[in-house]
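Asks: Dropping the sequence and predicted coords here.
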Amino acid sequence: MKVFCTLALFAISTYAAVQKTGNTVVLENLNGVPGNPCITFRNNGEIVEAACVDTSIDRQITLATNNGKNVLFIERSFDSLAGKQPCIGFNGTHYRALDCNASNTIFVTFTNNELISGTTCNVGHDNKAQVVVGQRQSGDSNCAKFKVHLIKGSGTSNQAEAAASAGSTGANSGTGTNSGTGTSAAATRRRRPKRTTTIAAAAAASTSPVVVASVSSQATGSQTVTRSGGTFLLNDRNGVPGNPCITFRNNGEIVEATCTVAAIDRHITTAKTSTGAAALIIERSFQSLAGKTPCIGFNGTHYRAEDCNGSGFQFVSFVNNKMVAGNTCNTGHDNLAQVTAGTRAANDANCALFDVINV
């Protein structure tokens, strides 16, 4: 296998955590896979092209710096990088998710609408939609060009493109500068075998609830929570067309996005509190909940990720194919694909109904 000559490891003695300095974006390859041109991160850290679902956190990248170097921070989390900050890096053969703060990480930057690292760039994709790296030719004529989808930040997408390129240099092959940022609950997460089952097959094979709990068992926070059942995705039967599955943003918000079985930001596991009440553990980690176990909670206005062992919220459970917390339920989604909560009507007539996709 060819190893590019830009692979050089530098010993850096100064350590600094990644600082987000710019917009959060999704990158669309202008000559990408037809219908699936957006940069997407698999749970194993590989980068592929998939549908441009801007609300899906496994597509989202934030412009950042590490010890003064431009980096691209990946908003989703990864089992193999539990407790670490993921950035796009170059391992000598591929661009993939790597530890931003490892001393041997060679960063990838976004320059002139291209993904580059030293003398290499993303030159497109293979027949499996995986991104491909090659040596930059004169004028970067062989490098893939990207359109920016602005997710969070100021200005237009065109301005975001300009901001992404400002200050970046084509020769930036800087290395990471930190030994890590500690551990989190995700570090003890069970490793799962890679799945090859298609989403459609999984949905067809599993459409019954995995938890049946009485509403009287609803509980508030500040209790020990332990896993008690299987891990699954929840598919809203009347959800966003083409994007109906419960998905967790890095800020803890819950939205609906594509039913990507392998994406950990969709994974939920049934659990029990210390009093025996039903709860739902979220398998991804969150920067705001570092070192804590996240559960779905109701904070009085929204269902979102909360510290399972914290306070000030009600646990959300899965009852008769519905997400409920006390006298509230998930009533569907708004025009931004964010889940909505409301008071349960007679016979839960207003509550969204979900099918289970087992992981």
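Replies: Received it, and whenever you're ready, just let me know what you need. Numbers count the residues shown, from 1 in each chain.

Asks: mind checking how far the residue nearest to the spatial centre of the chain is from residue 146?
Replies: Nearest to the geometric centre of the chain sits residue 76, at 2.7 Å (CA atoms, centre = their mean). Taking CB to CB, to the nearest Å as the measure, residue 76 falls 18 Å from residue 146. Heads up, the C-betas are built off the backbone N, CA and C, glycines and all.

Asks: for residue 236, same thing?
Replies: 31 Å.

Asks: what residue ranges in the protein score low on pLDDT?
Replies: Low-confidence segments of the chain, defined by pLDDT under 70: 1-16, 152-223.

Asks: before we move on, back to that, and residue 236 and residue 146? Which one has more around it.
Replies: Legend: neighbour count by other CB atoms under 10 Å for residue 236 and residue 146, higher for residue 146 (25 against 21).

Asks: Which residues does the more buried one form beta bridges with?
Replies: In this entry, residue 146 is beta-bridged to residue 29, by DSSP bridges.

Asks: for the protein, what spans make up the helices?
Replies: For the chain, applying DSSP state H gives helices covering 157-165, 199-205.

Asks: The residue nearest to residue 97 when sequence neighbours are not counted: what's it in contact with?
Replies: Residue nearest to residue 97 in three dimensions, not counting chain neighbours: residue 45, with 3.8 Å by CB to CB, 6 or more residues apart in numbering. Applying CB atoms under 8 Å, 6 or more residues apart in numbering to residue 45 gives the contacts 78, 80, 81, 86, 96, 97, 98.

Asks: okay but the fourth one is in contact with residue 97, surely?
Replies: Yes: using CB atoms under 8 Å, residue 86 is in contact with residue 97, at 4.6 Å.

Asks: intersection of neighbour lists for the two?
Replies: Joint contacts of residue 86 and residue 97 (CB under 8 Å, 6+ apart) are 41, 45, 74, 78.

Asks: Pick out the most distant pair among those.
Replies: Distance extremes for the shared contacts of residue 86 and residue 97: the farthest pair is 45 and 74 at 9.0 Å, using CB to CB.

Asks: Show me the common contact partners of the two, please.
Replies: Common contacts of residue 45 and residue 74 (CB under 8 Å, 6+ apart): 86, 97.

Asks: Run through the strands of the stretch 1-150 of the chain in chain order.
Replies: Assigned by DSSP state E, counting those that start in this stretch, the strands in the stretch 1-150 of the chain fall at 19-33, 36-41, 47-50, 61-66, 69-74, 86-90, 95-99, 106-107, 109-111, 114-117, 120-125, 131-135, 146-152.

Asks: Next up, the contacts around residue 137.
Replies: residue 143 are the contacts of residue 137 under CB under 8 Å, 6+ apart.

Asks: 10 Å instead, please
Replies: Residues near residue 137 by CB atoms under 10 Å, 6 or more residues apart in numbering: 121, 123, 143.

Asks: How much space separates the first one from residue 107?
Replies: Applying CB to CB, the value for residue 121 to residue 107 is 13 Å.

Asks: Could you pull out the strands in the stretch 251-359 of the chain for me?
Replies: Using DSSP E, counting those that start in this stretch, the strands of the stretch 251-359 of the chain run over 254-257, 268-273, 278-282, 294-298, 303-307, 314-315, 317-319, 322-325, 328-333, 339-343, 354-358.

Asks: Next, format the ones you listed as TSV and append distance to residue 230 and mean neighbour count.
Replies: Below are these laid out as TSV (distance: least, CB to CB, whole Å; neighbours: other CB atoms under 10 Å):
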stretch	distance to residue 230	mean neighbour count
strand 254-257	20	25
strand 268-273	7	22
strand 278-282	11	26
strand 294-298	16	27
strand 303-307	20	24
strand 314-315	18	24
strand 317-319	11	24
strand 322-325	16	24
strand 328-333	20	22
strand 339-343	22	17
strand 354-358	6	21
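
Asks: Stretch 321-328: end-to-end distance?
Replies: 14 Å (CA to CA, to the nearest Å).
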